[in-house]
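Q: Pasting the sequence and the predicted coordinates here, then a few questions.
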Amino acid sequence: MKNISLLDDLIIGRVEPHIYAFTTETYPNYLKVGDTYRPVGVRLKEWKNYFPDLQHQISKVAKVDEDTYFRDHAVHNYLEDSGKTRLDQQEAQRLNAYYSREFFKNTDNTDIEDAIKDIQESHELNDGKYAFYAFEDSRIPIEHVYKRTEKYELRPNQAETVKRFKEALEVGRTNLLMYAVMRFGKSFTSMCCALEMNANLVLIVSAKADVKQEWKKTIESHVKFADYRFMDSDALLEHGNILKDTLEKSKVVVFLTLQDLAGRKIKEKHKEIFEEEIDLLLIDETHYGARAEEYGRVLKLSSIDLKRELKGADRADDYEESEELKRLHSKVRIHLSGTPYRILMGSEFEKKDIIAFYQFTDIVKEQEQWDKEHLLDDNAKEWDNPYYGFPQMIRFAFLPNQSSINKMEALKKEGYSFALSELFRPQSISQCEEGLHQQFIYENEVLGLLQAIDGSKEDPNVLAFLDEEHIQKGEMCRHMVFVLPYRASCDAMEVLLNNHKEDFNHLNNYEIINITGLSNEKKYKSTSDVKAKIKKCEREGKKTITLTVNRMMTGSTVEEWDTMIFLKSCASPQEYD
């Protein structure tokens with residue numbers, strides 16, 4: 001054969017999946033990032049039909065081991081988490097050019113290498129941050145399962161809760177309340193209740209999709225729950241009898257959100273759930289936050305503005321409006337809540353229905369009592385205390401800085417009842433091209449308060465705790481969360497902290513993680529994204545400030561968070577607690 005160049009297109013041989021990237025003068029300062037399962041040169045040749053001047057920049061094997069690979073979606077997620085923005089479709093239309101959403105602005109080869117490194121680390125940590133695929137079934141993501149290595153036992157207060165659960169069932173009580181504060185371990189204790197009643201089918205219903213990973217980790221990581229398989233809404237899509245078939249082989253825990261269950265008609269994937277008798281129905285965070293009506297009263301917003309502000313917020317309406325909860329057939333229901341104030345004032349639960357009633361102080365007292373009874377014993381070790389490591393909570397209540405006090409007093413005279421939220425109001429609560437949502441109305445007063453907390457500016461009303469020697473030596477305030485009144489307040493706070501770094505002694509050393517703002521609301525799509533970002537910063541020795549309004553304030557455990565600064569007026573006691 002004389003023309004053997006034909007073989008270039010005919011014989012490909014063994015090819016590994018690759019991430020590739022190229023640039024083009026069509027979109028200057030952008031990098032196109034994709035993946036391919038054919039030779040990179042073949043894929044680039046196809047792209048030259050749209051971008052003849054493209055310049056190949058980088059290609060990397062998209063494998064974490066010999067059996068597992070990742071898609072370009074993982075790299076895209078990393079880039080967005082790092083603050084990179086995609087090409088806007090309007091820009092392509094303006095240039096009359098081919099549009100692909102895989103172009104990322106101000107991105108280079110180093111960013112791709114950093115992304116792949118992070119993806120490989122995530123696979124080693126088994127943290128569920130990215131989706132991975134097996135070569136033998138390349139189109140279906142590998143189901144992330146936590147390693148079943150946990151062996152801890154029930155703490156005394158958790159064991160007492162399971163005992164009360166058993167006693168309640170013995171006298172025919174089936175609608176129960178578990179009132180316990182954060183860090184009590186409501187998910188672990190609830191699953192121990194499932195074991196106590198030998199439940200085959202457990203359904204967890206929550207208004208918050210964010211808490212799914214907390215439940216999944218509890219059920220999959222502890223040896224006690226080895227007989228249970230965790231399933232979510234996606235798993236129910238596999239086929240029409242997936243739940244029945246799985247129950248023939250193992251016990252099942254299904255996690256669903258109220259929003260997923262909602263609808264006039266029962267969705268095909270939920271038919272089995274409504275047909276089966278559920279042994280134990282766990283209604284997670286059953287009464288939390290404020291109602292929409294109360295938010296509206298505090299923030300004084302139009303219905304349109306209120307709807308935007310409540311996007312992703314923790315609020316109580318969801319449970320009270322859910323008809324689907326009433327239609328589910330369950331032998332036993334446990335309502336889980338750390339703030340059930342309204343429900344306790346009603347008549348739904350009698351004393352014998354309340355299987356747990358634990359406030360933070362109750363747990364601290366039990367922790368101290370154990371130390372008192374055992375630590376003088378030469379054979380006792382501090383870490384033998386079943387409450388060892390339970391976080392210490394210190395609350396400071398202080399007046400704002402003097403200029404903020406003067407401004408809030410003036411606001412009250414003008415008829416503003418909730419002056420603290422007004423102090424942190426941005427110039428616009430909706431996103432606008434002029435950037436008014438990124439600037440506080442009373443920026444000087446806000447800056448002064450932050451400087452007082454920081455210690456870069458003295459104020460007689462404010463403890464400059466970031467400048468405190470005890471805080472510095474104890475390595476506290478490493479990962480803080482600021483709770484603000486408006487979503488746009490998060491954008492304004494992010495801009496203020498970044499623009500005034502030279503005005504701070506300590507606040508200039510923090511990486512800002514804005515999880516609720518309007519400007520880049522798709523950057524942290526899930527709780528896992530936020531947690532992974534904070535864990536990465538901790539590994540790298542970076543301190544963080546997370547900015548939020550309500551997101552991740554209920555049912556989410558971020559182990560690194562050690563400080564909360566609450567900067568808004570409350571619509572209800574639940575919202576604060």
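A: Happy to help now that I have it.
Q: hey, let's count contacts and neighbours off CA atoms from now on
A: OK.
Q: longest helix of the chain?
A: If you go by DSSP state H, the chain has its longest helix at helix 109-125.
Q: buried stuff in that helix?
A: Asn109, Asp111, Ile112, Ala115, Ile116, Asp118, Ile119, Gln120, Ser122, His123 (16 or more other C-alpha atoms under 10 Å).
Q: With distance to Ala235 and pLDDT as extra columns, can I get these in TSV?
A: Shown next, in TSV, are the buried residues of helix 109-125 (distance: C-alpha to C-alpha, whole Å; pLDDT from 0 to 100):
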residue	distance to Ala235	pLDDT
Asn109	37	95
Asp111	34	96
Ile112	32	96
Ala115	28	95
Ile116	28	96
Asp118	27	93
Ile119	24	95
Gln120	26	94
Ser122	23	90
His123	22	89
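Q: which stretches of the stretch 1-150 of the chain form strands?
A: 18-23, 30-36, 55-61, 63-65, 68-69, 103-105, 133-134 (DSSP state E, counting those that start in this stretch).
Q: meant to ask about the stretch 301-450 of the chain, not that
A: 330-337, 354-358.
Q: what residue ranges in the stretch 201-350 of the chain score low on pLDDT?
A: Within the stretch 201-350 of the chain, the ranges that satisfy pLDDT under 70 run 286-303, 305-306, 309-326, 339-348.
Q: Surely Phe225 touches Lys216?
A: No. The pair Phe225 and Lys216 does not pass the contact test of C-alpha atoms under 8 Å, sitting 11.0 Å apart.
Q: what ranges do the helices span in the stretch 451-577 of the chain?
A: Listed in chain order, the helices of the stretch 451-577 of the chain (DSSP state H, counting those that start in this stretch) span 469-473, 487-499, 527-539, 573-576.
Q: Between these, which one is closest to Glu275.
A: When these are compared by C-alpha to C-alpha, helix 527-539 sits nearest Glu275, at 31.5 Å.
Q: In the closest one, which of the residues would be classed as buried?
A: Thr527, Ser528, Asp529, Val530, Lys531, Ala532, Lys533, Ile534, Lys535, Cys537.
Q: chain center to it: distance?
A: Taking C-alpha atoms, centre = their mean, to the nearest Å, one finds the center of helix 527-539 at 10 Å from the center of the full chain.
Q: Contacts for that helix, please.
A: 81, 127-129, 210-211, 213, 479, 515, 524, 543-544, 552, 556, 558, 560 (C-alpha atoms under 8 Å, 6 or more residues apart in numbering).
Q: Need the mean per-residue confidence for it.
A: Averaged across helix 527-539, the pLDDT comes to 87.
Q: Ramachandran angles for Val253?
A: Main-chain torsions, Val253, degrees, to the nearest 10: phi -120, psi 120.
Q: So this protein: which segments form each domain?
A: As recorded under automatic domain parsing, the domains making up the chain are 4-137, 156-358, 402-576.
Q: Look at Lys163 and give its secondary structure.
A: Following DSSP: H, G, I helix; E, B strand; the rest coil, Lys163 is assigned to helix.
Q: what about it, how many neighbours?
A: Residues within reach of Lys163, counting by other C-alpha atoms under 10 Å, total 14.
Q: so who does it touch?
A: Neighbours of Lys163 in contact, by C-alpha under 8 Å, 6+ apart: none.
Q: And the helices in the stretch 251-400 of the chain?
A: 258-261, 271-275, 292-299, 303-309, 317-320, 323-327, 341-345, 360-374.
Q: actually the stretch 101-250 of the chain, sorry about that
A: Under DSSP H, counting those that start in this stretch, the stretch 101-250 of the chain gives helices at 109-125, 156-170, 186-196, 212-221, 242-247.
Q: Tell me the buried residues in the fourth one?
A: Okay, so that is helix 212-221. Under the neighbour-count criterion of 16+ other C-alpha under 10 Å, helix 212-221 has Lys212, Gln213, Glu214, Trp215, Lys216, Lys217, Thr218, Ile219, Glu220, Ser221 buried.
Q: Turn those residues into CSV, columns for distance to Asp362.
A: Shown next, in CSV, are the buried residues of helix 212-221 (distance: C-alpha to C-alpha, whole Å):
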residue, distance to Asp362
Lys212, 28
Gln213, 28
Glu214, 24
Trp215, 24
Lys216, 28
Lys217, 26
Thr218, 24
Ile219, 26
Glu220, 29
Ser221, 28
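Q: out of the strands of the stretch 301-450 of the chain, deepest packed?
A: strand 330-337 (a mean of 21; mean count of other C-alpha atoms under 10 Å).
Q: now the angle from that strand to helix 186-196?
A: With axes from the mean of the first three to the mean of the last three C-alpha atoms, to 10 degrees defining the directions, strand 330-337 sits at 160 degrees from helix 186-196.
Q: Tell me the strands beside strand 330-337, with direction?
A: The strands beside strand 330-337 in its sheet (DSSP bridges) come out as strand 175-180 (parallel), strand 278-283 (parallel).
Q: Output the last one in PDB, but only the C-alpha positions, please.
A: What follows is strand 278-283 as a C-alpha-only set of coordinates in PDB (Å, rounded to 0.1, in the frame of the first residue of the first chain):
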ATOM      1  CA  ILE A 278     -43.300   2.400  56.000                       C
ATOM      2  CA  ASP A 279     -42.000   0.900  59.300                       C
ATOM      3  CA  LEU A 280     -40.400   4.200  60.500                       C
ATOM      4  CA  LEU A 281     -41.000   7.600  59.000                       C
ATOM      5  CA  LEU A 282     -38.400  10.200  60.100                       C
ATOM      6  CA  ILE A 283     -39.500  13.800  59.500                       C
END
